[in-house]
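# sequence and predicted structure, then a few things I'm wondering about:
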Amino acid sequence: MRSTPRIRRIAGFTAAAAVAVALAGCAPADGGTAAPEDIPAEGVDDGTKLTLWTRAPMELQANQLVDAYNASHENQVELTVVPNDDYVAKVGAAAGSGGLPDLFAADIVYVPNWVQAGLFADITSQIDGLDYKDEINQGHLSAGTFEGKEHVLPFVLDLSMMMWNKDLFEQAGLDPEKAPATYDEFVADAKAVQDLGLDGVYGTASGFNCGGCLVFTWFPSIWASGEEVMSEDGTESLLDGEAATQIYDGWKELYDYGAVLPSTVDETGATWVAAFQEGKVGVMPFPATLAAGLEFDAGLAGLPGVEGEVSTFVGGDGIGISKDSKLAPQAWNFLSWMMSEDAQVEVMAKNGNAVSRGDLGDNEYAAADPFMGTVNEVAAQGDTPVALNFQQAFNAVGSPWVTMIRNRILQGTDSLEADNAEITAILGG
C-alpha cells in the first residue's frame, strides 16, 4: 500500500508583485550580480556550509537532493523549508536586508520577477559552460534569462497531465487503457463516468476559483491546439482564440451537464485534486508529481488539444545563487552536481521524479515506471509561460483570468473579448 500523498496547492503568491516592485529600485541594471567567471567547471567542494531555501511543496524532492549531495560531498547544505504562503514574504524581507541564503528556489512563474529585481546572481558563464546546456529544460532556462543573462536552473519539474481512473472508465464502458485523444473525447469520457450515477462520483474536477490550477491545466491544451496564450514578450493575452474558446466551451458543457465536481466552483487550490485521489473523479488534468502516490489503477497521458496533439505546463521551481551569497564557487558545486547524470538519474528519476535534462529522459527508472516514461516524453512537448506580471494577471485572487473563466462557464456571459482585454491590461501594465 502506497502512502497517501500530501495534497499539493498550486496557487498564486499574492505578494510576489509587491516584492518585485519594492526591490526593483535597488536592482542592478543587468538583473543581478555576476558570479566570478573563474569558478571551476564543477565549482569548489572544500567543506563549506551552504544554505538553501525552498517552499514546502518541493520539500520531498529538495530533501532527496540535499541528502544525496551531503552524503557524497565535503560541502554541506543546510535546507530550510518554508510554508508556501509565507515564502514570498520571507524572501522579500531577506532580500531587503541582504540576508538571502546562498541558494534559493522559486516557483518558475515568479522567477522573472525576482531575476529582474536582482535577487539571483548572473551565472551565464557557468551555465554556458555545461556541455549539455541544450538538453536542459528550456522553459526554466528562459524564465531565468533577462537581457541575455542567465540566472536559474531547473530545481524540480512539475508537469500537468491528463489522468483517469481505470476502474471508473471500465464501469462506464470506456477503454481503461485509452487516454482521451482530443478535448471532445475528454468531455465525452467525463460525461460517460457521470452517467454511471454513482453516489459522490463525478466525471471531472478543477478549480474555478484557482487561477494557478487553471493555467497549469488549461494552457497546455491551447498549446497542443497550435495556439499561444500570450505574446512572446508576455504583455498581451491571446486567450480569446478559437482553440481556447473551444476548451472553455467544453468545460461549460460539462458544468451544465452536472459532470463537474460541485466544489470545483469555489475551489481555491487547497483541495482541488483530493476527490480524484479518493477515487471519486473519472478523468481530470492532474499534477504529475502526485501520480505515483495514487492507491488505485490510473492512466496518465499528455493534455490533449482540440485535434489530438498533447502538451503540458512545465511548472515546478527554478533555483539559483542569491545576490547575497559570498560562496558562489561552492554554491555552483551544488548546482552543477544537481544537473549531473548522477543526480538527475540516481536521485530524481530513481525516486519517481521527472528529470530536467532531455538526454536523460530515457533512463532505467523511467523505463520501469509507466508514468515517468510518459511524463519525460511529454515534457519535451510542454512550455513554461513567462511574463513579468503573470501573478497579477492569472494567479492572484480575483484575477482577470479567473473572472474570464467564471464569466464564461458559470455565468454564461458573452464577455470573452472584454475579459481578455483586462488580462492584457495587467500584463502590459
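That came in fine, so what should we check first? Residues are numbered from 1 along each chain as shown.

# in the stretch 101-250 of the chain, which spans are strands?
Here the stretch 101-250 of the chain has its strands, by DSSP state E, counting those that start in this stretch, at 103-107, 145-146, 149-150, 153-165.

# what mean pLDDT does the second one get?
Averaging the model's pLDDT scores along strand 145-146 yields 94.

# single out the most deeply packed of the strands of the stretch 101-250 of the chain.
Mean neighbour count (mean count of other Cβ atoms under 10 Å) peaks for strand 103-107 among those, with a mean of 28. For the C-beta atoms, the positions are set from N, CA and C on the backbone; glycine is no exception.

# neighbouring strands for that one, and are they parallel or not?
strand 49-55 (parallel), strand 314-321 (antiparallel) (DSSP bridges).

# now those strands in JSON lines, with mean neighbour count, distance to Ala181 and mean pLDDT?
Output for these, formatted as JSON lines (neighbours: other Cβ atoms under 10 Å; distance: least, Cβ to Cβ, whole Å; pLDDT from 0 to 100):
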{"stretch": "strand 49-55", "mean neighbour count": "21", "distance to Ala181": "35", "mean pLDDT": "97"}
{"stretch": "strand 314-321", "mean neighbour count": "28", "distance to Ala181": "22", "mean pLDDT": "95"}
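
# who wins for proximity to Thr145 among these?
When these are compared by Cβ to Cβ, strand 314-321 sits nearest Thr145, at 10.7 Å.

# using PDB, list the CA coordinates for the closest one.
The C-alpha trace of strand 314-321 is given here as PDB (Å, rounded to 0.1, in the frame of the first residue of the first chain):
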ATOM      1  CA  VAL A 314       6.300  22.600 -17.300                       C
ATOM      2  CA  GLY A 315       6.000  24.100 -13.800                       C
ATOM      3  CA  GLY A 316       7.800  23.500 -10.600                       C
ATOM      4  CA  ASP A 317      10.700  25.500  -9.200                       C
ATOM      5  CA  GLY A 318      13.900  27.000 -10.500                       C
ATOM      6  CA  ILE A 319      17.000  27.600  -8.400                       C
ATOM      7  CA  GLY A 320      19.900  29.900  -8.400                       C
ATOM      8  CA  ILE A 321      22.600  31.500  -6.400                       C
END
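
# what's the distance between the helix or strand following it and the middle of its chain?
Moving toward the C-terminus from strand 314-321, the next helix or strand (DSSP states H and E) is helix 328-338. Centroid displacement of helix 328-338 relative to its chain, using Cα atoms, centre = their mean, to the nearest Å, is 23 Å.

# please apply the same query to stretch 178-198.
25 Å.

# need the strands paired with strand 103-107 in TSV with distance to Tyr257, can you?
Shown next, in TSV, are those (distance: least, Cβ to Cβ, whole Å):
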stretch	distance to Tyr257
strand 49-55	37
strand 314-321	29
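
# distance to Ser72 for the strands of the stretch 101-250 of the chain - can I get that in JSON lines?
Formatted as JSON lines, those follow (distance: least, Cβ to Cβ, whole Å):
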{"stretch": "strand 103-107", "distance to Ser72": "17"}
{"stretch": "strand 145-146", "distance to Ser72": "30"}
{"stretch": "strand 149-150", "distance to Ser72": "26"}
{"stretch": "strand 153-165", "distance to Ser72": "18"}
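
# contacts only, for the nearest residue to Thr403 once chain neighbours are set aside.
In space, and not counting its chain neighbours, Thr403 is closest to Asp419: 6.1 Å by Cβ to Cβ, 6 or more residues apart in numbering. For Asp419, the contact set (Cβ atoms under 8 Å, 6 or more residues apart in numbering) comprises Asp240, Pro400, Thr403, Met404, Asn407, Arg408.

# quick check: which element contains Asp419?
Counting by DSSP H and E, Asp419 is part of helix 416-427.

# average pLDDT across that helix?
Throughout helix 416-427, pLDDT has a mean value of 98.

# so how far is Tyr257 from the closest residue in space to Ala188 that isn't next to it in sequence?
Nearest non-adjacent residue to Ala188, counting by Cβ to Cβ, 6+ apart: Pro180, 7.8 Å away. Pro180 sits at a distance of 16 Å from Tyr257 (criterion: Cβ to Cβ, to the nearest Å).

# the more surrounded of those two?
Pro180 (21 against 14; other Cβ atoms under 10 Å).

# and the more buried one, how close does it get to Ala288?
17 Å.

# repeat that for Ile423.
Taking Cβ to Cβ, one finds Ile423 at 27 Å from Ala288.

# now Met339
Taken as Cβ to Cβ, the span from Met339 to Ala288 is 20 Å.

# compare those two (neighbour count), which wins?
Between Met339 and Ala288, counted using other Cβ under 10 Å, Ala288 has the larger neighbour count: 26 against 21.

# isn't the more buried one right up against Gly352?
No: here Ala288 does not reach Gly352: they are 9.7 Å apart, not a contact under Cβ atoms under 8 Å.
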